[in-house]
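Next comes the sequence, and after it the predicted model I'd like to discuss.
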Amino acid sequence: MANERDALITGIGLVSCLGEGIEAHWSALTRQVGFQPVVDTTRFAPRSVHPVAPLELDRQIPKRGDQRQMELWQRIGTYAAGLALESAGVKGNTELLSRMDMIVAAGGGERDYAVDAAILSALPSAADPGRYLNEHLLSDLRPTLFLAQLSNLLAGNISIVHGVVGSSRTFMGEEAAATDAVRIACARIAARQGELFLVGGSYNAERPDVLLIYELGGKLWKQPFRGVWSRQTQGGGVVPGSAGCFLVIESRAHAMSRGARALGHIAAIATDRCRRNPGEATRNASAQFAAMRRHVEPGATAVISCASGVHDATEEEAAFLRGLGLPVRGLATALGHSMEPSFPAGLAVAAMALNHARLFPPLEDSPMEAPMDGALRHVVVTSWGHWRGEAMAVIEPA
């Protein structure tokens, strides 16, 4: 039954390797000749990445000065935020933007590789390494470049460019940062602590420093490209994807008062975390699913999984999902794994599918991805972080 405090998705801004916006993604996911992944296998070989599609930045970030002072992950995020505001019909509406709250999930900023390399090369031969390091950190890094390291600069740039000037919070913590960002927005709406939210994140996967970090952890897939489920027979691994996704989430009462079109209803959402001892993540997910079971309608429900591809977590999630008996789609096969924006992107794609009342075809030839011919009325979105964090949400038509 509809409630005025329901959390509705009224705007979607999605940017990835498949393009920008809802229609570009739906078209790519439903190609009659079968899904074709967009993967760069040469720049970082033998590792692969899903590169972000070319963007006409002027369309969402009109001032060139703003574009120049942002690193790529900020440009991706600010662009996606603009698409979400446009989709929700609030872009440029100063009255609404003045009271729109923002919750951003972000990682660390990007590095100046040339400066890093020069300092690291000269440091061992410096007469006074400590003094040398302090002097060059102060003199070689431009102020704007140094500030680009700050995670909350993404929220700041969205405020500057798009005029979103309500409260602002930035969460760090990879996948779990975004799942909690969405959960808290929904909880604040339910508790009458807000009416209108911009929630999401962005990720630049095409960064040598980030690839190095995950390579040192043994997380990256280094073989010819395969879908997220098919990789598991050969040890698993992440194919990172550059992406940005922001959602406009608002109360049903607020959406109705301004005549907004709702793209989906976040009927339930839960987040948790564990130490990832065998079976712990499954217990979290099982408890979450049990609390949401009333939203699951046999024959009319599908799962969109944001599984990363990391072997242990993905294998355990796959076993859990097989037990549900629902058709599944592994979104990382299409978009790559994008850390912070992966869960918002899962919600966005779920809302797209609901608005077409059907699930898109399997993304890979795997027993995990069964076809679904019936009408789609509910989508379960799962997110098991590559290291920590288990989340689940159910999206229904509004």
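Everything's here; your move. Numbers count the residues shown, from 1 in each chain.

pretty sure residue 215 contacts residue 46?
No - contact between residue 215 and residue 46 fails when scored by Cβ atoms under 8 Å: they sit 10.5 Å apart. C-beta coordinates here come from the backbone N, C-alpha and C atoms, glycine included.

ok, the two, which is more surrounded?
residue 215 (15 against 11; other Cβ atoms under 10 Å).

For the host helix or strand of that one, give the mean pLDDT please.
Using DSSP states H and E, residue 215 maps to helix 208-216. For helix 208-216, the mean pLDDT works out to 92.

Which strands and helices lie in contact with the helix or strand just after it?
Under the assignment DSSP H and E, the closest C-terminal helix or strand after helix 208-216 is strand 243-251. Packed against strand 243-251 by the contact rule (3 or more Cβ pairs under 8 Å, 6 or more residues apart in numbering; DSSP states H and E) you find strand 7-16, helix 72-88, helix 174-190, strand 196-203, helix 342-356.

Over to the most centrally placed residue in the chain: give its phi and psi.
Closest residue to the average C-alpha location of the chain: residue 341 at 1.4 Å, with Cα atoms, centre = their mean. With angles defined as degrees, to the nearest 10, residue 341 sits at phi -80, psi 0.

what residues are up against it?
80, 105, 178, 200, 201, 202, 203, 243, 244, 245 (Cβ atoms under 8 Å, 6 or more residues apart in numbering).

And for residue 48?
Here residue 48 is in contact with 39, 40, 41, 221, 225, 239 (Cβ under 8 Å, 6+ apart).

burial measure for residue 214, as a count.
19.

mind checking how far residue 368 is from residue 132?
54 Å (Cβ to Cβ, to the nearest Å).

Among the two, which residue is more densely surrounded?
Using other Cβ under 10 Å, the more surrounded residue of residue 368 and residue 132 is residue 368, with 22 against 15.

Hmm, that one is touching residue 319, no?
No - using Cβ under 8 Å, residue 368 is not in contact with residue 319; the gap is 10.3 Å.

isn't residue 303 right up against residue 326?
Yes - at 5.0 Å, residue 303 counts as touching residue 326 under the criterion of Cβ under 8 Å.

the more surrounded of those two?
residue 303 (23 against 19).

re the thing from before, buried only: go through the contacts of residue 341 for me.
Buried by 16 or more other Cβ atoms under 10 Å: 80, 105, 178, 200, 201, 202, 203, 243, 244, 245, out of these.

Can you give me the end-to-end span of stretch 163-174?
26 Å (Cα to Cα, to the nearest Å).

The residue nearest to residue 90 when sequence neighbours are not counted: what secondary structure?
Distance criterion Cβ to Cβ, 6 or more residues apart in numbering; nearest residue to residue 90, sequence neighbours excluded, is residue 96 at 4.7 Å. Following DSSP: H, G, I helix; E, B strand; the rest coil, residue 96 is assigned to helix.

For residue 96, give its distance to residue 255.
11 Å.

In the protein, where is pLDDT below threshold?
141-149 (pLDDT under 70).

let's see it at 90
1, 32-36, 69, 71, 108-120, 133, 136-152, 209 (pLDDT under 90).

how does it divide into domains?
7-110+148-396, 113-147 (automatic domain parsing).

In a markdown table: those, plus distance to residue 1.
Listed next are the domains of the chain as a markdown table, based on distance: least, Cβ to Cβ, whole Å:
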| stretch | distance to residue 1 |
| --- | --- |
| domain 7-110+148-396 | 11 |
| domain 113-147 | 48 |
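
most tightly surrounded among those?
domain 7-110+148-396 (a mean of 21; mean count of other Cβ atoms under 10 Å).

Could you give the separation between the terminal residues of it?
Termini of domain 7-110+148-396 sit 11 Å apart (Cα to Cα).

Distance from it to the middle of the chain?
Offset of domain 7-110+148-396 from its chain centre (Cα atoms, centre = their mean, to the nearest Å): 3 Å.

Next: stretch 384-398.
With Cα atoms, centre = their mean, you get 11 Å for stretch 384-398.

quick one: residue 101 from residue 195, how far?
Residue 101 is 9 Å from residue 195, where distance means Cβ to Cβ.

got it, and residue 19?
31 Å.

now residue 369
Where residue 195 is concerned, residue 369 sits at a distance of 38 Å (Cβ to Cβ).

pretty sure the residue nearest to residue 90 contacts residue 196?
Yes - the criterion here is Cβ under 8 Å, and residue 96 meets it with residue 196 at 6.4 Å.

My assumption is that residue 267 lies in a helix; please confirm.
No - with three-state DSSP as the criterion, residue 267 is strand rather than part of a helix.

OK, contacts around it?
6, 292, 295, 378, 394, 395, 396.

Quick check: bridge partners of the fourth one?
When bridges are assigned using DSSP bridges, the partners listed for residue 378 are residue 301.

Please report how far it lies from residue 384.
In terms of Cβ to Cβ, residue 378 sits 20 Å off from residue 384.

Helices of the stretch 251-398 of the chain, residue ranges please.
Assigned by DSSP state H, counting those that start in this stretch, the stretch 251-398 of the chain shows helices spanning 252-257, 280-292, 311-324, 332-335, 342-356.

Please convert those to TSV, extending it with distance to residue 172.
Below are the helices of the stretch 251-398 of the chain laid out as TSV (distance: least, Cβ to Cβ, whole Å):
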stretch	distance to residue 172
helix 252-257	29
helix 280-292	21
helix 311-324	20
helix 332-335	21
helix 342-356	15
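
Residue 229 is nearest to which of these?
helix 311-324 (6.3 Å; Cβ to Cβ).

From the contact counts, what lies against the closest one?
Identification of packing neighbours for helix 311-324 by 3+ Cβ pairs under 8 Å, 6+ apart yields helix 280-292, strand 301-305, strand 378-384.

Between strand 378-384 and the first one, find me the angle.
Here helix 280-292 runs at an angle of 160 degrees relative to strand 378-384 (axes from the mean of the first three to the mean of the last three Cα atoms, to 10 degrees).

Alpha carbons only: can I get helix 280-292 in PDB?
Provided in PDB are the C-alpha atoms of helix 280-292 (Å, rounded to 0.1, in the frame of the first residue of the first chain):
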ATOM      1  CA  GLU A 280      29.000 -15.100   7.600                       C
ATOM      2  CA  ALA A 281      28.100 -13.100   4.500                       C
ATOM      3  CA  THR A 282      25.500 -15.600   3.600                       C
ATOM      4  CA  ARG A 283      23.900 -15.300   7.000                       C
ATOM      5  CA  ASN A 284      23.700 -11.600   6.600                       C
ATOM      6  CA  ALA A 285      22.100 -11.900   3.100                       C
ATOM      7  CA  SER A 286      19.700 -14.600   4.300                       C
ATOM      8  CA  ALA A 287      18.500 -12.400   7.100                       C
ATOM      9  CA  GLN A 288      18.100  -9.400   4.800                       C
ATOM     10  CA  PHE A 289      16.100 -11.600   2.300                       C
ATOM     11  CA  ALA A 290      13.900 -13.000   5.000                       C
ATOM     12  CA  ALA A 291      12.900  -9.500   6.000                       C
ATOM     13  CA  MET A 292      12.100  -8.600   2.400                       C
END
